[in-house]
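Asks: Need a 3D model of the sequence below.
(2 chains)
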There are 2 protein chains.
Amino acid sequence: MSYRAPVAEIAYTLRHVAGLEQVLGGTGDLGADDVEAVLEEAGRLASEVIAPLDRAGDRHGTPFRDGSVTTAPGWQAAYRGFVEGGWNGIGATPDFGGQGLPHLVSAACTEMWNGASIAFGLCPLLTAGGIEALTAHGSAELKERYLGRLISGEWTATMNLTEPQAGSDLSALRTRAEPAGDGSYRITGAKIYITYGEHDLSDNIVHLVLARLKDAPAGTRGISLFLVPKVLPDGTRNDLRCSGIEHKLGIHGSPTCSMAFGDAGGATGWLIGEENRGLACMFTMMNSARLNVGLQGVGAAEAATQRAVAYARERRQGKAPGATEASSPIVAHPDVQRMLITMRAYTAAARGICYLTAAALDAAHGPEGQRAHDRASLLTPVAKAFATDIANEVASLGVQVHGGMGFVEETGAAQHMRDARILAIYEGTNGIQAMDLVGRKLALNGGETVRAQIASMRGAAEALLKDGNPGFGHAAARLRSAVESLDRATSFQLRAAASNRPEAALAGATPYLRLFGLAQGGACLARAALASSAAGKTGGVSGADAGRIALLRFYAENLLTAAGGLEESVIAGGGFVDGAMAALDA
Amino acid sequence: MSYRAPVAEIAYTLRHVAGLEQVLGGTGDLGADDVEAVLEEAGRLASEVIAPLDRAGDRHGTPFRDGSVTTAPGWQAAYRGFVEGGWNGIGATPDFGGQGLPHLVSAACTEMWNGASIAFGLCPLLTAGGIEALTAHGSAELKERYLGRLISGEWTATMNLTEPQAGSDLSALRTRAEPAGDGSYRITGAKIYITYGEHDLSDNIVHLVLARLKDAPAGTRGISLFLVPKVLPDGTRNDLRCSGIEHKLGIHGSPTCSMAFGDAGGATGWLIGEENRGLACMFTMMNSARLNVGLQGVGAAEAATQRAVAYARERRQGKAPGATEASSPIVAHPDVQRMLITMRAYTAAARGICYLTAAALDAAHGPEGQRAHDRASLLTPVAKAFATDIANEVASLGVQVHGGMGFVEETGAAQHMRDARILAIYEGTNGIQAMDLVGRKLALNGGETVRAQIASMRGAAEALLKDGNPGFGHAAARLRSAVESLDRATSFQLRAAASNRPEAALAGATPYLRLFGLAQGGACLARAALASSAAGKTGGVSGADAGRIALLRFYAENLLTAAGGLEESVIAGGGFVDGAMAALDA
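Replies: Prediction:
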């Protein structure tokens, strides 16, 4: 079986969880029906063109020879179709040929491209980051030369941050830039882990490269961002090359390149933004890239879930309780049901969080302004880390549902697990997301941003109580209890961060983020279930409506139950930092 | 870096958690010091001979050509050394050349072989199952012909259960056996997933094959077990062959074979035990194999932890709280410490549970008798599933600690994750273990067996309280609370199993097993920490003693905290079975 884009469920989440109507109200004449038509088209491309190429990408890999990288058969044509359909620029500025659709809509499309194939989806994901940085910080001349072709997808972009000695720690960068005297710079250095740093999907590749000017201050305040194209405006090759590709656990369809800049004296590059302000420009890319990686997690989780559910409906093994036939489809066994519904529930929760984040980015351009921007900032690390953590868990459960077949590569379940594993690592490991959340984001507006967000979750629990649909089971109480756990853990974190023992906050950062994601995901499922319950009161309850109500109940009674323990870990678990070395030396 | 067998920690666990002295008291003249000398030797072989071959096995795989399978360079010599050292038979009966050491000692060795290399360790693990089935159920003639050579390791054994249409469900087997008239049988059929079904480490391979006689009753009561050797006693090849090998996610160093029996009319086999009683014989193998797979999990978790800790001590990134240098080794970051100590704590907990199970098997041969046998039966599914679940979690955390390097195969962290993934699946998926626990094992002695086990855990919590070492932090209270959660969840399960709604028990089987493992693991860590605390009161506190105390505290304050939520899932989470199909159809 192959991935089918879950267009109806995505559209439902946009409307009832992320507030599509409000977002569209702020952007003019686009209606919700128009959005659904766009999603239908995107879903078709994802399901029919991209998804069937995913396994081939995994098997073929991206062979590297004589400095060139070859993608799998069919990938060039698929990318061409993607570009010709105008999909690459749907969220980009109309000034340079983009369609200017809301973040919320492009987020939905990003989920679908990556549900179909993370390895394929990565290419436009990187280009989107380049478009964003250039749109926000590029000179008029650079925009004129590059932006249109990046937005169309004719050319692709990369992010060149990591160096062997500097992974997440950008202050240790050594790549150097020197003014050439003609407004350009000469770039010299080596970068690693450059996704799509070299490939055969486009004629030119626009590298955004972090480098250090000669007399720049030490640390991250001395980093500048440069645009360094593979092919120069005069049509000659720039002084840069791919020096190798990584042999990776997953996403074999996408090349992960080592790049060498300036073997012959220096690659030609142009400054983006101001000198020594490269980090700020990079953050522009990173925030949106982080949400997009969260969406990759949602896509990966959805794909793994679909494959496992389809398998469990087909595969017969053992006799389920109450069954009359000698062997039942394994989907009838309670323990398999637990796995499958866990997969579906986490996926839906992560989807809700990611779309809520995208909607906040849209609202930041409307009357809500800064308040929405802060909300997006708060939610971004949660969207990235929670969605990708659950993507790993869901993909691993998918293997488990398949039993022995899951361990055999032919089945495809193992590939989801291998591919998803990078999501919790790149664009800032999930530990870094957790530290960003407790170290920077909770303090936004003196804590007002997070308090408001918690209040909105509490509102969802109260609405469940008020609705009173018996199908919700204990969901109202469980959500309420999880939100109160989050509230207390938040107070602890705010106090710890303000004290002179930041390690108390950092020690609990990861369980805190998980608790936040769990509660926020519960609130998202509650909003969806409430809309379904309301529909049931006026019309009839459709199968999908009944499903959303059952999904909320399962999530609340089986997954949200972890909230209390996470709260304890955050508040009373940090003592280990004193004895940590002893525990590791034992 | 390469795996170093943690001999000192293993020896400590044998003494202070599993009760080595009592076990030895029952077996005669072997002393604890003798056991430690054995462990030292085994550790040397594991660390110096087997571990260095593990990566080569992963890269080389087991190429299949013209019906033959080739193991990686160096593997034949290593296996020869293993056999010549007498390691294959350390737990087997002295009547046929074994050393008859206690289960507890061979369990420790099994952990070490598999910590060094799961793919290598699998070969003797399968042979051990064959030895056990033959010892318990084989005729004198079969024993004479095969047992000595299996115990020495000159020949290896396999378990042939699975068929394409029958994974965990043995009632669906189709392989057929017909009496040949001379006391032997002709076996015809196809088996899949046969570990080491064909290889070049030994001259002969002894296949134990489940098959169905012509007029056998339907279902599992019509299954018989046969010994079907690759090479017949007269030196000719039997009518069986390897028809292919699987392309797997991990354990590439070990061949996973499809086997064809009887292409030319029927492979010659001999009955083990009685006709139609094959399942009982197979269960003899499976119970010990299940504990051994748990021990593979402990080994895998230990290896992944060692690699991650070594990496975290070397790799410098960012500035840790309170650090003075510009960049700190990542082991100094609280969030990395949380990951590493989680890895170490889970590993130690799983080790304790597995050794406790092995000690119960030994005690079953002593004055405790049936009571200990029942305890071993109760603990076996927990040992298998908890240890392999945490092995997967630990191996994934190991990748995370490595950051981007973890996703690159060269580092070795990803291999642990790929290799460990099968452990939760084979020898009965962990879901099947959970169903075995709640469906069969809790009911042993009308619930007395589980009640006694819970009482012993409670005893550990009380001992912590009495000891009062401030280094324990909140461990006494947390362990007590987890044990009470387990107690209530157990009452629920016993009631549910006795009711006419078994699905209520089955729906909570997996969280129940996790809760059991968490609490039992906590009790094991408590016993180790108590011994260290006592040593500190009489002598000084060594580094290892301080470490065990810190490890208990971390485990109690950060991992045992999940107990309450698991209890809730067991007791109040099972409602999903009614709405399951709705949730999946949504």
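
Asks: Tally up the residues packed near the closest residue to chain B within the stretch 401-550 of chain A, please.
Replies: Nearest residue of the stretch 401-550 of chain A to chain B, counting by Cβ to the nearest Cβ: A:Gly547, 2.3 Å away. For glycine as for every other residue, the C-beta is placed from the backbone atoms N, C-alpha and C. Around A:Gly547 there are 25 other residues, counting by other Cβ atoms under 10 Å in any protein chain shown.

Asks: in which helix or strand would I find it?
Replies: Applying DSSP states H and E as the criterion places A:Gly547 in helix A:543-554.

Asks: Following element in sequence after that helix, please.
Replies: If you walk from helix A:543-554 toward the C-terminus, the next helix or strand you reach (DSSP H and E) is helix A:563-572.

Asks: Could you list every helix and strand that the lowest-mean-pLDDT helix or strand in chain A packs against?
Replies: One helix or strand of chain A scores below all others by mean pLDDT, DSSP states H and E: helix A:576-585, with a mean of 83. Contact analysis of helix A:576-585 by 3 or more Cβ pairs under 8 Å, 6 or more residues apart in numbering or on different chains; DSSP states H and E lists helix A:502-507, helix B:334-363, helix B:543-554 as its packing neighbours.

Asks: got a list of contacts for that helix?
Replies: The contact list for helix A:576-585, computed with Cβ atoms under 8 Å, 6 or more residues apart in numbering or on different chains, reads A:503-504, A:507, B:309, B:331, B:334, B:337-338, B:340-341, B:344-345, B:471, B:543-544, B:546-547, B:549-551, B:553-554, B:557-558.

Asks: how about 6 Å then?
Replies: For helix A:576-585, contacts defined as Cβ atoms under 6 Å, 6 or more residues apart in numbering or on different chains pick out A:503, A:507, B:309, B:334, B:337, B:340-341, B:543, B:546-547, B:550-551, B:554.

Asks: Of the helices and strands packed on helix A:576-585, which is nearest B:Phe516?
Replies: With respect to B:Phe516, and counting by Cβ to Cβ, the nearest of those is helix B:334-363 at 9.2 Å.

Asks: what angle do the closest one and helix A:563-572 make?
Replies: What separates the directions of helix B:334-363 and helix A:563-572 is an angle of 120 degrees, with axes from the mean of the first three to the mean of the last three Cα atoms, to 10 degrees.

Asks: Report the angle between helix B:334-363 and helix A:576-585.
Replies: Per the same axes, to 10 degrees, the angle that helix B:334-363 makes with helix A:576-585 is 50 degrees.

Asks: Report the mean confidence score over whichever helix or strand comes after helix B:334-363.
Replies: Beyond helix B:334-363 on the C-terminal side, the first helix or strand identified by DSSP H and E is helix B:370-401. In this model, helix B:370-401 carries a mean pLDDT of 98.

Asks: what do you get for stretch A:478-485?
Replies: For stretch A:478-485, the mean per-residue pLDDT is 98.

Asks: Can you show me the CA trace of it as CSV?
Replies: Extracted C-alpha coordinates of stretch A:478-485, given in CSV (Å, rounded to 0.1, in the frame of the first residue of the first chain):
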residue,chain,number,x,y,z
ARG,A,478,-8.2,14.1,32.2
LEU,A,479,-7.6,17.1,30.1
ARG,A,480,-8.3,19.5,33.0
SER,A,481,-5.9,17.5,35.1
ALA,A,482,-3.2,17.6,32.5
VAL,A,483,-3.6,21.3,32.0
GLU,A,484,-3.3,21.9,35.7
SER,A,485,-0.1,19.8,35.7
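
Asks: any residue of it up close to chain B?
Replies: No - with Cβ under 6 Å from any Cβ of the partner chain as the measure, stretch A:478-485 is seen stopping short of chain B, the closest distance being 8.2 Å.

Asks: what sits up against that stretch?
Replies: The set of residues that contact stretch A:478-485 without belonging to it, under Cβ under 6 Å, 6+ apart, is A:457-458, A:461, A:519, A:522, A:526, A:556, A:560, A:563-564, A:567.

Asks: Show me just the buried residues among the contacts of helix A:576-585.
Replies: Those of these that meet the buried threshold are A:503, A:507, B:309, B:334, B:337, B:340-341, B:546-547, B:550-551, B:554, by 16 or more other Cβ atoms under 10 Å in any protein chain shown.

Asks: So for the residues you listed, which is the shakiest by pLDDT?
Replies: Among the buried ones among the contacts of helix A:576-585, A:Glu503 carries the lowest pLDDT, at 86.

Asks: How about whatever helix or strand A:Pro124 lives in, which residues are buried there?
Replies: When secondary structure is defined by DSSP H and E, A:Pro124 falls within helix A:118-137. The neighbour-count check on helix A:118-137 (16+ other Cβ under 10 Å) flags A:118-135, A:137 as buried.

Asks: if you average pLDDT over whatever helix or strand comes next after that helix, what comes out?
Replies: Taking DSSP H and E as the definition, the helix or strand that follows helix A:118-137 towards the C-terminus is helix A:140-142. Per-region confidence: helix A:140-142 scores 97 on mean pLDDT.

Asks: which strands and helices sit next to helix A:140-142?
Replies: When contacts are defined as 3 or more Cβ pairs under 6 Å, 6 or more residues apart in numbering or on different chains; DSSP states H and E, helix A:140-142 sits against none of the other helices and strands.

Asks: pLDDT below threshold where in chain A?
Replies: A:26-28, A:167-168, A:586 (pLDDT under 70).

Asks: Mind listing the strands the strand ranked longest in it pairs with, and their directions?
Replies: Among all segments of chain A classified by DSSP state E, the strand with the greatest residue count is strand A:185-195. When pairing is defined by DSSP bridges, strand A:185-195 lines up against strand A:176-179 (antiparallel), strand A:256-261 (antiparallel), strand A:267-272 (antiparallel).

Asks: Wait, A:Trp113 touches A:Cys123, no?
Replies: No - using Cβ atoms under 6 Å as the test, A:Trp113 is too far from A:Cys123 to be in contact (9.3 Å).

Asks: Neighbours of the closest residue to A:Arg501 other than its chain neighbours, how many?
Replies: Spatial nearest neighbour of A:Arg501, excluding adjacent residues (Cβ to Cβ, 6 or more residues apart in numbering or on different chains): B:Pro321 at 8.0 Å. Here the neighbour count serves as a burial measure; for B:Pro321 (other Cβ under 10 Å) it reads 17.

Asks: With distance to B:His103 added, can I get the buried ones among the contacts of helix A:576-585 in CSV?
Replies: Written out in CSV, the entries for these read as follows (distance: Cβ to Cβ, whole Å):
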residue, distance to B:His103
A:Glu503, 44
A:Ala507, 40
B:Val309, 30
B:Pro334, 40
B:Gln337, 35
B:Leu340, 31
B:Ile341, 30
B:Ala546, 31
B:Gly547, 27
B:Ala550, 30
B:Leu551, 25
B:Phe554, 30
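
Asks: Just give me the closest of those residues to B:Pro381.
Replies: Here the nearest of the buried ones among the contacts of helix A:576-585 to B:Pro381, counting by Cβ to Cβ, is B:Leu551; it sits at 25.0 Å.
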